[in-house]
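Enquirer: Sequence first, then the predicted structure, then my questions.
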Amino acid sequence: MDASLAGVRTALREFDASGAFSESAFSALRLLLAGTAPGELVDGLLGLFFERHILHDARRRELLAMDDAALLRALRHRFRQVVADGQEGHAAAHALGPHVREGLARMSHAAPVVPAPWPVLLTEGERFSRERVEEALRAQAAELGRWPTSAEAVRELLRRYAQVESEDRHEDTGRFDPPEALRRRMDARRLAGQLLEVLKPQERELLRHLLVDEGNVEDWAREQGIARATAYRVLARLKTVCRAELEGRSNSTQLKALEELFGGRSR
């Protein structure tokens, strides 16, 4: 067994038993999933991964039940999902869109009613509720003073309800609080989450390629079947967004999150 994988398995067992996850355990996880890539953003992405897949009791025990080969594949695949996050949002928008369009078609002939309260959730079980979506559309129209367009409504409903439903899904899923090794990186985790929210899917794919696959921009362009100039434009926006999110942070933080991630791998 690879030494870093053995260390991670041991750390997962210890965390499952006691809730302890040491700095050396976090370093072993970092080495296994991100190699030697430095930077605060890497720590933040690992923090997101830890929250989703190790703090969560059922997911952690699912990992522990795997043999070594399956465990390694699962850890790397799930980390890639965190880095290239966006598929869930795309699927949610695809499912929500018809409810929004149908609701607007039924209601937009009349003037918005004020006031109109927002529903607590948009879903019943695992599916969007037509009645709750229409209630949310009335509330948005009341705030705007007009009926929203379909695109405006989908964007606002996903933005407004994503955090509520995410918190509801993850409630009481873990017995342990985040370990100290993770708490020290919470600022980086928040930074990573903010970046993933504003990056476009193509930019997240390039980030995954540079960070996880340790590739370069020209290889990514060939894989995607796009022109080199287009790939470098995507990289330029990726850097611009990262710089905007890092504004006001120390020079060392900016160097770690930008130069180390992109400077040496973009050529």
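Expert: The structure has been received and is ready for your questions.
Enquirer: Please tell me I have it right and Ala142 contacts Pro115.
Expert: Yes - with contact defined as CB atoms under 8 Å, Ala142 and Pro115 form a contacting pair (5.8 Å). C-beta: built from backbone N, CA, C; applies to glycine.
Enquirer: And those two? Which one has more around it.
Expert: The residue with more neighbours, out of Ala142 and Pro115, is Ala142; 16 against 8, by other CB atoms under 10 Å.
Enquirer: How about the contacts made by that one?
Expert: Pro112, Val113, Val114, Pro115, Ala116 (CB atoms under 8 Å, 6 or more residues apart in numbering).
Enquirer: Now pLDDT and distance to Val241 too, for the residues you listed, in JSON lines please.
Expert: Below are the contacts of Ala142 laid out as JSON lines (pLDDT from 0 to 100; distance: CB to CB, whole Å):
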{"residue": "Pro112", "pLDDT": "86", "distance to Val241": "34"}
{"residue": "Val113", "pLDDT": "82", "distance to Val241": "39"}
{"residue": "Val114", "pLDDT": "78", "distance to Val241": "37"}
{"residue": "Pro115", "pLDDT": "81", "distance to Val241": "36"}
{"residue": "Ala116", "pLDDT": "82", "distance to Val241": "35"}
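Enquirer: which intervals of the stretch 1-150 of the chain have sub-threshold pLDDT?
Expert: 1, 36-41, 84-91, 125-126 (pLDDT under 70).
Enquirer: now the helices: where do they sit in it?
Expert: 3-18, 23-34, 40-53, 57-64, 68-83, 87-107, 130-144, 150-170 (DSSP state H, counting those that start in this stretch).
Enquirer: Now for Arg130, how many residues are close by?
Expert: 14.
Enquirer: just Ala34 next, same as before
Expert: Neighbours of Ala34 (other CB under 10 Å): 21.
Enquirer: Same question for Asp43.
Expert: Neighbour tally, Asp43, other CB under 10 Å: 24.
Enquirer: Ok, the one 3 residues further on next?
Expert: Residue crowding around Leu46 was assessed by other CB under 10 Å; the count is 23.
Enquirer: correct me, but it touches Leu33?
Expert: Yes - at 6.6 Å, Leu46 counts as touching Leu33 under the criterion of CB under 8 Å.
Enquirer: Tell me the residues that contact both of the two, please.
Expert: Common neighbours of Leu46 and Leu33 (CB under 8 Å, 6+ apart) are Phe79.
Enquirer: Show me the two of the contacts of Ala142 that sit farthest apart.
Expert: Greatest spacing in those, by CB to CB: Pro112 and Pro115 (10.0 Å).
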